[in-house]
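Novice: pasting a predicted model and its sequence here:
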Amino acid sequence: MTTPTFAQTLDPAVLVLEDGTRHPGRAYGARGTTIGEVVFATGMTGYQETLTDPSYAGQIVLQTAPHIGNTGMNDEDPESRRIWVAGYIVRDPSRVVSNWRADSSLDEALAQDGVVGISGIDTRAITRRLRSVGSMRGAIFSGEASRLAEDEQLRIVREAPQMAGQNLSAAVSVAAAEVTPAHEGPERIGALAVLDLGVKQATVDNLAARGFDVHVLPQDVTIDDIRAIDPVAVFYSNGPGDPAASDDHVSLLRAVLDDRLPFFGICFGNQLLGRALGFGTYKLPFGHRGINQPVLDKQTGRVEITAHNHGFAVDAPIDRTVDSPHGYGRVEVSHVGLNDNVVEGLRALDIPAFSVQYHPEAAAGPHDANYLFDRFADLVRTTLETTKNA
């Protein structure tokens, strides 16, 4: 196999932020214009997982690691059917792909999926700016688009929609149900309804490995559609957008909770469980995106290093058990982010439901939180046994 290489381009590109700051560089990936919320991700590895994570839809992702593209892209590891980031910002793209599994260079993969990127800029300076003032709207103009007048480029950025208020679930969800049978080995538990709000393949694989027949369902299904597969439990996936703009998904989840079906949600699913229980959500200044976030599991006292990608969080008290404002009994914050005390997990004490704000399926690592899939399987088995003996 010929080793993929990246021929460094001299085509111009510029990143323009809504505060008027400009960062000239070189075109990377597709040429043209792309607009989105500019955020930074601190992972040193796993850029293919980041790029193909549907949670990044609508966002221009800056990698804080300076060298990106070293291992290229392969056809075995994508977490979904395409690259989802709205744009991509790197400092020093690798000119040579150094991995025997690579099928293409990162530059080629970005161009193939029409993702406009920029390289050769000071990513550290941009990250410090975002940490100081928060995530901002921005745009990458590359090739011919980089020659637009500066005031016209800034106008385009400032007229773009804010991430707050956006519902992006329909853009990333499957169009029809997809079923992955339970893996051989563990005892089959039953059908699991997964609401696809931007689910990753690693999540599906982890659930199937625990004995679930995984039914990945479109985001617009009804409670009757869920009941039709006779599920033993329901799972809400990660995904992009503002949880406050997902009223239909919250109403659906309340119907699930009313049916007393066991529930597990991750990332966006955690925020929607918070809303279903009666708590609010809010936008973080610059969010958590990376694979080195310390989280305390209050139940075990264990500190986990976890993978995050969220710009919103649940507003709930972390120091005490409270009653659900919507009547679902007692609720506690089960996990807390140790960097900023953000709610990173919820546990209902009187119904079989819990969630975490991070990614236990993280394929590139870390794997500290993978036990949560076992905790979910145990919860479902216990609920089934209790129901049978009732």
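Specialist: Received, thanks.
Novice: ok, now which ones touch Ala364?
Specialist: By CB atoms under 8 Å, 6 or more residues apart in numbering, the contact list for Ala364 reads 43, 45-46, 49, 291, 307. Just so you know, the C-beta spots here come from the backbone N, C-alpha and C atoms, and that holds for glycine as well.
Novice: now do 7 Å
Specialist: By CB atoms under 7 Å, 6 or more residues apart in numbering, Ala364 lies in contact with 45-46, 49, 291.
Novice: quick one, what contacts Gly117?
Specialist: Contacts of Gly117 by CB under 7 Å, 6+ apart are 28-29, 87-90, 110, 140.
Novice: just the element for it, please.
Specialist: Using DSSP states H and E, Gly117 falls within strand 116-119.
Novice: thinking again about what came up before, by neighbour count, which of the contacts of Gly117 wins?
Specialist: Ile140 (32 neighbours; other CB atoms under 10 Å).
Novice: gap between the nearest residue to Gly43 once chain neighbours are set aside and Gly36?
Specialist: Excluding the flanking residues, the one nearest Gly43 by CB to CB, 6 or more residues apart in numbering is Ile291, at 4.4 Å. Going from Ile291 to Gly36 by CB to CB, to the nearest Å gives 22 Å.
Novice: follow-up on the earlier one: strands - which of the contacts of Gly117 land there?
Specialist: 28-29, 87-89, 140 (DSSP state E).
Novice: that older thread, partner strands of the strand holding Gly117, with direction?
Specialist: According to DSSP bridges, strand 116-119 has the following sheet partners: strand 22-29 (antiparallel), strand 87-89 (parallel).
Novice: give me the contacts around the first one.
Specialist: Just to be clear, that refers to strand 22-29. Residues outside strand 22-29 that contact it (CB under 7 Å, 6+ apart) are 9-16, 88, 90, 93, 107, 110-111, 115-122, 126, 142-143.
Novice: if we can go back for a sec, ok, the contacts of Gly117 vs Gly69, which is closest?
Specialist: The closest of these to Gly69 turns out to be Val90 (CB to CB; 7.3 Å).
Novice: thinking the closest one is in contact with Gly120, fair?
Specialist: No. Contact criterion CB atoms under 7 Å: Val90 and Gly120 do not qualify, at 8.5 Å.
Novice: the helices in the stretch 1-150 of the chain, which residues?
Specialist: 47-51, 106-112, 123-133, 150-158 (DSSP state H, counting those that start in this stretch).
Novice: quick one: closest of those to Gln201.
Specialist: Nearest to Gln201, of the helices of the stretch 1-150 of the chain and by CB to CB, is helix 47-51 at 9.8 Å.
Novice: helices and strands around that closest one, which ones?
Specialist: Helices and strands touching helix 47-51, by 3 or more CB pairs under 7 Å, 6 or more residues apart in numbering; DSSP states H and E: there are none.
Novice: what residues sit buried inside it?
Specialist: Buried positions in helix 47-51, judged by neighbour count with 16 or more other CB atoms under 10 Å: 47-51.
Novice: contact partners of it?
Specialist: With CB under 7 Å, 6+ apart as the test, helix 47-51 has contacts from 41, 43, 56, 61, 63, 68, 73, 77-79, 83, 85, 363-364.
Novice: could I get the CA-only coordinates of that helix as CSV?
Specialist: Output in CSV follows, covering the C-alpha atoms of helix 47-51 (Å, rounded to 0.1, in the frame of the first residue of the first chain):
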residue,chain,number,x,y,z
TYR,A,47,-8.6,13.0,16.4
GLN,A,48,-10.4,10.6,14.1
GLU,A,49,-12.8,9.9,17.0
THR,A,50,-13.3,13.6,17.5
LEU,A,51,-13.9,14.3,13.8
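Novice: pretty sure Val174 is in a helix, no?
Specialist: No. Applying DSSP: H, G, I helix; E, B strand; the rest coil, one finds Val174 to be coil, outside a helix.
Novice: Arg275 and Asp213: what is the separation?
Specialist: 28 Å.
Novice: neighbour count winner among the two?
Specialist: Looking at Arg275 and Asp213 with other CB under 10 Å, you find the greater number of neighbours at Arg275, namely 22 against 18.
Novice: how far off centre is the strand holding Gly117?
Specialist: Strand 116-119 sits 21 Å away from the centroid of its parent chain (CA atoms, centre = their mean, to the nearest Å).
Novice: average pLDDT for it?
Specialist: Mean per-residue pLDDT for strand 116-119: 98.
Novice: touching, Phe268 and Asn238? I think so.
Specialist: Yes. Counting by CB under 7 Å, Asn238 is a contact partner of Phe268 at 5.2 Å.
Novice: quick check on the closest residue to Ile83 other than its chain neighbours: phi, psi?
Specialist: Sequence neighbours aside, Asp113 is the residue nearest to Ile83 in space, at 4.3 Å (criterion: CB to CB, 6+ apart). When quoted as degrees, to the nearest 10, the phi and psi of Asp113 stand at phi -90, psi 10.
Novice: how close does Asp113 sit to Ser104?
Specialist: For Asp113, the distance to Ser104 equals 11 Å [CB to CB].
Novice: what do you get for Arg82?
Specialist: According to CB to CB, Arg82 and Ser104 sit 14 Å apart.
Novice: looking at the two, which is more packed in?
Specialist: Looking at Arg82 and Ser104 with other CB under 10 Å, you find the greater number of neighbours at Ser104, namely 17 against 14.
Novice: residue closest to the middle of the protein?
Specialist: Nearest residue to the geometric centre of the chain (CA atoms, centre = their mean): Ser55, 3.3 Å.
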